[in-house]
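> below is the sequence, then the predicted model.
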Amino acid sequence: MLDRPLYRNSFSTAAMRRIWSEDETLASWIAVEQVLARCQSELGLIPQEAARRIGGISADQIDRNRLAGEMDLVGRPIVGLVGQMRGLVGDASAAYVHYRATTQDIIDTAMAMQMRDGLDEIVASIDRMVLRLEYLTEDHGDARMIGRTNGQHAVPMDFATRLLVWISELRRRRQALMEAAGRGLLVQIGGPVGDLGRYEGDTGPALKQKVAAALDLGTAEPHWQNARDGVADIVTALGALCASLCKIAHNVNLLASSDIGEVCEGHSDGRGASSSMAHKRNQRATEFGEAVARLGRQRSEQIQEVCLHQHERSGGVWIAEWMIVPEVFLLTSGALMWAERLFDGLQVDAHRMAANLQAHLDGLASSRSV
């Protein structure tokens, strides 16, 4: 569904699809191999000429059909990729492709790069959404409305109170994402059991630091190949953001209902049309925002399950990340996209707020006089 042209723009953004596309994933794997080779050559571990040849490889040179066939056979994509890269650099340099590395070193590091780029998109979207809410607060925040608790009228309040709660909540979600990024955007250079055992002395730690600096990623000691809490922190933070977005969209939809009518989405011809009831203008941004955010939150909960590695590596849970992580990023981008659209054109009916509030007050006065 996330790839179908008919639906994909309803569930994710084009920018996030590009980040997690097969093209970008393949390019990221190759980039990690190239940076690894360059850093190894700088430490005297492989010849500079080999690093140069490896650095000249592009994703366009990789035979995708062959790579897919090898993936079906081996169960890991990096084996086939390394085989093709070795063929491209020539016999003299072939042995230095993927030198002392593992499949997980490459896939984990590339995923961290993609998560970093995905978080940049998400944080920028949160910032735009907060700015829109701040504008709404300036323009309509002093409108008086009836507060509602447990689905019933409570006491009068300013519309600004509701908006400021959403702003504060989104800022906390942003901060949580930034903190999670510090724990989860990490390079993975460790070898078969993560301990850099294939390197002598300080060469391994020095290599890890050089690769991390080159890719603008952090490090974990001794490694994180069987400790997925950093990835889980990021995905869980995305799920919490989706929960907030779901709540906001649902509440806007409630305020836009025919019985309340205090806000509504901005409409253009045909938007939100019903196939059977011509009088309706359905609130599409809120319903899609709620639905996609629900999916993102629910999908994020699965990341805890795949933290349960056995011993130094456990493919049965690691493989599941390959689907869960991208999909949570994609769905979060879609939820934010709908939230931005919602608040881009949200119309506030201060007169309806005042009328609903007055009706409440009149009802209180009537009940007291009885």
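Received the coordinates, thanks.
> can you show me the strands along the stretch 251-370 of the chain?
263-264, 347-348 (DSSP state E, counting those that start in this stretch).
> buried deepest among those, which one?
Highest mean neighbour count among the strands of the stretch 251-370 of the chain (mean count of other C-beta atoms under 10 Å): strand 263-264, with a mean of 23. Yep, even glycine has a C-beta here, placed from its N, CA and C like the rest.
> quick one on the thing from earlier: CSV for the strands of the stretch 251-370 of the chain, including distance to Glu290 and mean pLDDT?
Output for the strands of the stretch 251-370 of the chain, formatted as CSV (distance: least, C-beta to C-beta, whole Å; pLDDT from 0 to 100):
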stretch, distance to Glu290, mean pLDDT
strand 263-264, 15, 94
strand 347-348, 19, 94
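> could those be laid out in JSON lines, adding distance to Glu340?
What follows is the strands of the stretch 251-370 of the chain, written out as JSON lines (distance: least, C-beta to C-beta, whole Å):
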{"stretch": "strand 263-264", "distance to Glu340": "16"}
{"stretch": "strand 347-348", "distance to Glu340": "16"}
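> looking at those strands, which is closest to Trp318?
With C-beta to C-beta as the criterion, Trp318 lies closest to strand 263-264 of the strands of the stretch 251-370 of the chain, at 45.2 Å.
> who does that closest one pair up with?
strand 347-348 (antiparallel) (DSSP bridges).
> stretch 88-96 spans what distance, first to last residue?
12 Å (C-alpha to C-alpha, to the nearest Å).
> list the buried residues in it.
Residues Leu88, Val89, Ser93, Ala94, Tyr96 are the ones in stretch 88-96 that count as buried (16 or more other C-beta atoms under 10 Å).
> before we move on, what about stretch 296-303?
Gly296, Arg297, Arg299, Ser300, Gln302, Ile303.
> stretch 256-264 now?
For stretch 256-264, using 16+ other C-beta under 10 Å, the buried residues are Ala256, Ile260, Glu262, Val263, Cys264.
> show me what that stretch is in contact with.
145, 252, 254-255, 265, 281, 283, 286, 346-349, 352-353, 356 (C-beta atoms under 8 Å, 6 or more residues apart in numbering).
> what's the first-to-last distance across it?
Per C-alpha to C-alpha, stretch 256-264 runs 5 Å from first to last residue.
> off-centre distance for that stretch?
32 Å (C-alpha atoms, centre = their mean, to the nearest Å).
> going forward, the N-terminal residue is numbered 6.
Noted, 6 is the first residue going forward, which turns the last one into stretch 261-269.
> find the nearest non-adjacent residue to the residue positioned nearest the centre of the chain, please.
Nearest residue to the geometric centre of the chain (C-alpha atoms, centre = their mean): Phe334, 2.6 Å. Excluding the flanking residues, the one nearest Phe334 by C-beta to C-beta, 6 or more residues apart in numbering is Gly123, at 4.4 Å.
> likewise Pro82?
Per C-beta to C-beta, 6+ apart, closest to Pro82 is Met76, 4.8 Å.
> which residues touch stretch 60-80?
27-28, 31-32, 35, 39, 42-43, 82, 84-86, 88-90, 93-94.
> swap in 10 Å and give it another go.
27-36, 38-40, 42-43, 46, 81-86, 88-90, 92-94, 102, 108, 320, 324 (C-beta atoms under 10 Å, 6 or more residues apart in numbering).
> can you say which of those are buried?
Of the contacts of stretch 60-80, these count as buried by 16+ other C-beta under 10 Å: 29-36, 38-40, 42-43, 46, 81-83, 85-86, 88-90, 93-94, 102, 108.
> quick one: Val192 and Arg121 touch, right?
No: counting by C-beta atoms under 10 Å, Arg121 is not a contact partner of Val192; they are 11.1 Å apart.
> who has more neighbours out of the two?
Comparing Val192 with Arg121 by other C-beta atoms under 10 Å, the one with more neighbours is Val192, at 29 against 17.
> wait, a strand at Ala159?
Yes: the assignment for Ala159 by DSSP: H, G, I helix; E, B strand; the rest coil puts it in a strand.
> excluding sequence neighbours, find me the nearest residue to it.
Per C-beta to C-beta, 6+ apart, closest to Ala159 is Gly152, 4.2 Å.
> next one: Leu362
Counting by C-beta to C-beta, 6+ apart, the residue nearest Leu362 is Ile151, at 4.7 Å.
> the one you found contacts Asn361, doesn't it?
Yes: with contact defined as C-beta under 10 Å, Ile151 counts as touching Asn361 (5.6 Å).
> overlap of the contact sets of those two?
Contacts common to Ile151 and Asn361, judged by C-beta under 10 Å, 6+ apart, are His158, Ile265, Glu267.
> for this protein, what's the longest helix?
helix 108-145 (DSSP state H).
> next secondary structure element downstream of that one?
strand 149-154 (DSSP states H and E).
> what's the offset of that following strand from the middle of its chain?
Distance, centroid of strand 149-154 to centroid of chain: 34 Å (C-alpha atoms, centre = their mean).
> quick one: residues in contact with that strand.
157-167, 256, 259-260, 265, 267-268, 353, 355, 357-359, 361-366.
> make it 6 Å
His158, Ala159, Val160, Pro161, Met162, Phe164, Met358, Asn361, Leu362, His365 (C-beta atoms under 6 Å, 6 or more residues apart in numbering).
> send me the host helix or strand of the fifth one as CSV with only the CA atoms.
Per DSSP H and E: Met162 is located in strand 157-163. The C-alpha atoms that make up strand 157-163 are tabulated as CSV, following Å, rounded to 0.1, in the frame of the first residue of the first chain:
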residue,chain,number,x,y,z
GLN,A,157,-19.4,17.0,28.4
HIS,A,158,-19.4,20.8,28.9
ALA,A,159,-17.0,21.9,31.7
VAL,A,160,-16.2,25.6,32.2
PRO,A,161,-15.3,28.5,29.9
MET,A,162,-11.8,28.8,28.6
ASP,A,163,-9.7,30.5,26.0
